[in-house]
Structures are given as C-alpha cells and as structure tokens.
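Visitor: just the structure for this:
(one chain, ligands or ions: 1)
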Amino acid sequence: MSGPPQRTAFNKVKELLIKPPVLAYFDPKKPTIVEDSSSYGLGGCLLQEHKEGLRPIAFCSRSLSNTEQRYAQIEKECLASVWACERFDRHLMGLDSFTLYSDHKPLIPLINSKDLSETPLRCQRMLIRLLRYKPVAIHQPGKMMVTSDTLSRSPAACSQETSNLHEDVRFHVSMVTSSWPVSDGKLRQLKEETQQDVSLRTAINYTVMGWPTYKQDVMLAARDLFDFRNELSLYDGLLLRGDKIVIPYSMRKEILDRIHDGHLGITKCRERANQGVWWPGLSKQIQDCVAMCKLCMQKKSAQQSEPLLPSTLPDRPFQRIGVDLCELKGKHFLVSVDYFSRYIDILPLQSLTSGAVINKMKKIFSQHGIAETVISDNGPKFAAKEFQQFAEEWNFHHATSSPHYPQANGRRKEPCDQPKNFYAKMTHTWHCSLTELLHFLH
Ligand SMILES: [Zn+2]
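Guide: Just a heads-up that it's a prediction; the model follows:
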C-alpha cells in the first residue's frame, strides 16, 4: 500500500543508506549543538546549524567500563554529557555558549544551575570538569536524538581512554568517603543494616534501574525518598544522597544521639550531621530533639545573654589587652587577656583598692611591655581617678565599655569568664600546673 510520496521517501532512504554522512566543517560562529545518549554505551554527536538544517561535525561512541555499568542512571547520563563534551573539546573550548541536548530531564538543572551541593557524589566531580565549557542544557526526548541514541546502543569497544575522567571520579569518591566521620566497623554495620532495610533496598533498586515518573507508582517503602531521587547514588553497598550516607532506619536513633552528644545546640548539631549522614526528616528530628532537651535550652539562653561582637585582631601581642576583676570563694583576682594571642594572666589581689589593681597591672606590664590600649568595664576600680592618672603616666590608652553594653568588648568578656569556671573546678586553687591551664584554654 504505497503511493508516490512513500515511494519517493523509500528511494531517498536507499540513497542515503549507501552514502556516508557528509561531515561539515566546523565554524565557531555557527550555533553548536552536542547530543549525547547513554544506553549500553555512550554516544555523542556534534552538530551545527546550517541553512539547510543541522549538519554533523563529528561523532563519538564507546562502551561502558565494568564500574560505569554499575553507576546510578543519572550518573551514566551525566557521564555521557561530560564525556561527549570532552571528546569534542577542541571544538567547544572557548565557545561563548553551545546547546547540550540530554534525554535525561533531572540532569538539566544540575548542569544549568552549577550548584553541586545536592548532586550525586560522582556527578559532582564530573560536573566540575564540565565547568570548563559553557553548555546550556536542554531536555530532548531520546526519540528525537536518533544519532547519539544509535551510537550508544551499539558502542565502539571501550578503547583506551585518553581522558582521565574515570580516575578523577574515583579519586573524588575516595576523598569524600575517607572524610566521613565513621569508623570501619560502623561502616560495615551500616552496609549490613542497609541490606536489611526494605526502604533503602527498594530505593537502591530504583536508583540503578531508574525511578518511576510519578510518585504514586513508587513502592510505598521508598516513597519518602522519591523527592530526593535525583540526588541519590550508590557507593559500596551504601545509598548516598549527595556526599552523605543515607542511614538505615534501625540506626537512626543511635546516630541522632551521637549528633546530639555534647548538647551543642541546633546549629552545631546540623553541622555535625552535614559531615556525612542524612535520612528523610533528619533536620526536623534534630530540631525536635534540641527543643526538648533542657541542657541545650539552658546553654542557648546563656549564650543569648552575652552576645559577642567581633573585634579586629591587633598587629602584635600585648598591643591591646582586656582586664577584669573576678571573685572566687572570697578571693579577688585581676585577670588580663591579650587580644592578639589570647594569653591570660590571673593575679590574686590582696585588697580591692585601685592601688592594688594598679600594682598588679604594673606587674603585667613589666613582663610583657606596656600595652597601647587597655580595655576594661566601667567598674569603680577602673573608673577611679587614680587609674586615669596611672594611664596618663604610663602612657597607655584606657578604653571602657559602656556600662549598658558591657558585651561590646567582644574578646574581653569571653576569656575572662573562662578562668572563673576553671578556678571553680580546681580544688587546690593555687597549685594548678601550666599544662592544665593550657589544656583548659584549648
Ligand atoms: Zn541537648
């Protein structure tokens, strides 16, 4: 059943089949397009727009290595894009812009946004390599990219790669995984528990085979991971989101306790978690855990009452020092702190007169030199006329913090509170060793 148009088309196809595709010369001024596909292998095609339509400049194709075959779907697609661009390096390098067609929709925002934080681990390194070029990624359904699709389905044998892409990705992965704050034993346990975890096992399958398009088609067990599907990948039996391990359900409580250990408040807890672990709802669980913890709350209110304003670092030691008086068990001390080195002097006061304070100040100056600036609060010992006279005679600038805003003196308040606690801990107050003091200051 064919009329003249069909016959003409058939003849045209026959004609085309016996002719090789005529490659056009590359013209940097013409709009350039890279098509890539990933299937059994990788395929790519470099095209340019001519008056008569798109004309091919070059083709490339290769099979996947054993390791690459185990990549998550999105990683294979990313590999196809980066590999094709690198194969066409001499054409693409230096171009202000070119179009990169990919048939994998989730890859498009990863390439265009250049935000690597939530990207699957191996894609991170590949996309960094892609930063050399200026592609604008556009989604194109696979059926529209016949050439690269065909090339990826019957790829050329995996030739000796001149590019070091594979090594580079492997190195990046090992660098990230070795920085995880997890012991080898814990890592083994994580792998075992991941195997036992229905949700993670299902998500791993989807990550390898490709996720369903719609959330309602995802098995219930893995549905809470659907929204993160484009950030998931696999490493050595573990499921990863970006560069973090997705923790199996059975170990979440234990890990949450470790994150909360030390009661450092919500920000520090989140920072800790960010070093390598994640599960859906983790952020909210940290928030709840801290909100319900009395110790965390106590620390929070203590911190809020003494906010510290940063002060600039002086050029050298003992240029600017802060001084304060403190009392412990009926004894009084003059505490001085150097703004540069944070070196602390703690001198017992025989009496609470300006004269006694000045004497101890002289002792500090005799050891370290006279400071250019001495900062104190507006307490009576420092506000006294005697102290002002001392400042004039010894030629240093005496600055006081406002009585209403004593926290304006960022550095002084902070370390001066430390010795008080330190002394409180010492039962044999006077014979503390230097090492103990140094250890405490760390
Ligand atoms: Zn706590």
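Visitor: thought residue 324 was touching residue 376?
Guide: Yes - counting by CB atoms under 8 Å, residue 324 does reach residue 376; the two are 6.6 Å apart. For glycine as for every other residue, the C-beta is placed from the backbone atoms N, C-alpha and C.
Visitor: residues of the stretch 151-300 of the chain that sit close to the ion?
Guide: Proximity of the stretch 151-300 of the chain to the ion, by CB under 5 Å from the ion, involves residues 263, 293, 295, 296.
Visitor: of the residues you listed - the most surrounded one?
Guide: Within those, most neighbours by other CB atoms under 10 Å means residue 296, with 19 neighbours.
Visitor: where's that residue, which helix or strand?
Guide: Following DSSP states H and E, one finds residue 296 within helix 294-305.
Visitor: cool, residue 188 as well?
Guide: Assigned by DSSP H and E, residue 188 falls in helix 184-196.
Visitor: I'd like the average pLDDT over that helix.
Guide: For helix 184-196, the mean pLDDT works out to 92.
Visitor: off-centre distance for the helix or strand just after it?
Guide: Next along the chain after helix 184-196, taking DSSP H and E as the criterion, comes helix 198-209. With CA atoms, centre = their mean, to the nearest Å as the basis, helix 198-209 stands 25 Å off its chain's centre.
Visitor: and for stretch 371-385?
Guide: Distance, stretch centre to chain centre, for stretch 371-385: 44 Å (CA atoms, centre = their mean).
Visitor: list the contacts of the helix holding residue 188.
Guide: Outside helix 184-196, the residues within contact range by CB atoms under 8 Å, 6 or more residues apart in numbering are 180, 182, 200-201, 204, 236-239, 245-248, 250-251.
Visitor: ok, now with 10 Å
Guide: The contact list for helix 184-196 (CB atoms under 10 Å, 6 or more residues apart in numbering) reads 177, 180, 182-183, 200-201, 203-204, 234, 236-239, 245-251, 254-255, 258, 277.
Visitor: okay, angle between it and helix 198-209 too, please.
Guide: Here the directions of helix 184-196 and helix 198-209 differ by 80 degrees (axes from the mean of the first three to the mean of the last three CA atoms, to 10 degrees).
Visitor: list phi and psi for residue 315.
Guide: phi -80, psi -30 (degrees, to the nearest 10).
Visitor: just residue 59 next, same as before
Guide: The phi and psi values for residue 59, taken as degrees, to the nearest 10, are phi -130, psi 160.
Visitor: show me the beta-bridge partners of the residue lying closest to it once chain neighbours are set aside.
Guide: In space, residue 59 comes closest to residue 45 once its chain neighbours are excluded; the distance is 5.4 Å by CB to CB, 6 or more residues apart in numbering. According to DSSP bridges, the residues that bridge with residue 45 are residue 35, residue 59.
Visitor: now do the contacts for residue 45.
Guide: 21, 33-37, 54, 56-61, 84, 88, 101, 145-151.
Visitor: just residue 394 next, same as before
Guide: Counted by CB under 10 Å, 6+ apart, residue 394 has contacts 358, 361, 362, 365, 370, 371, 374.
Visitor: what two of those residues have the greatest distance between them?
Guide: 358 and 371 (13.9 Å; CB to CB).
Visitor: for the residue nearest the centre of the chain, grab phi and psi.
Guide: Central residue of the chain (CA atoms, centre = their mean): residue 117, 6.2 Å from the mean position. Note on residue 117: backbone dihedrals following degrees, to the nearest 10 are phi -60, psi -40.
Visitor: so it touches residue 242, yeah?
Guide: Yes - counting by CB atoms under 10 Å, residue 242 is a contact partner of residue 117 at 6.6 Å.
Visitor: shared neighbours of these two, anything?
Guide: Shared contacts of residue 117 and residue 242 (CB under 10 Å, 6+ apart): 124, 231, 274.
Visitor: give me phi/psi at the last one?
Guide: Taking degrees, to the nearest 10, you get phi -60, psi -20 for the backbone angles of residue 274.
Visitor: got a list of what the residue lying closest to it once chain neighbours are set aside touches?
Guide: Of all residues not flanking residue 274 in the chain, residue 244 sits nearest, at 7.5 Å (CB to CB, 6+ apart). Applying CB under 10 Å, 6+ apart to residue 244 gives the contacts 118, 121, 176, 180, 231, 273-279, 282.
Visitor: next: residue 198.
Guide: With CB under 10 Å, 6+ apart, residue 198 has these contacts: 219, 220, 221, 222, 248, 249.
Visitor: check the gap between it and residue 116 for me.
Guide: According to CB to CB, to the nearest Å, residue 198 and residue 116 sit 31 Å apart.
Visitor: any regions of the stretch 201-350 of the chain where pLDDT drops low?
Guide: 301-311 (pLDDT under 70).
Visitor: going along the chain, name the helices of it.
Guide: 252-260, 265-274, 282-291, 294-305 (DSSP state H, counting those that start in this stretch).
Visitor: okay, angle between the first one and helix 184-196 too, please.
Guide: Pointing back at helix 252-260 there. Following the same axes, to 10 degrees, one obtains 140 degrees for the angle between helix 252-260 and helix 184-196.
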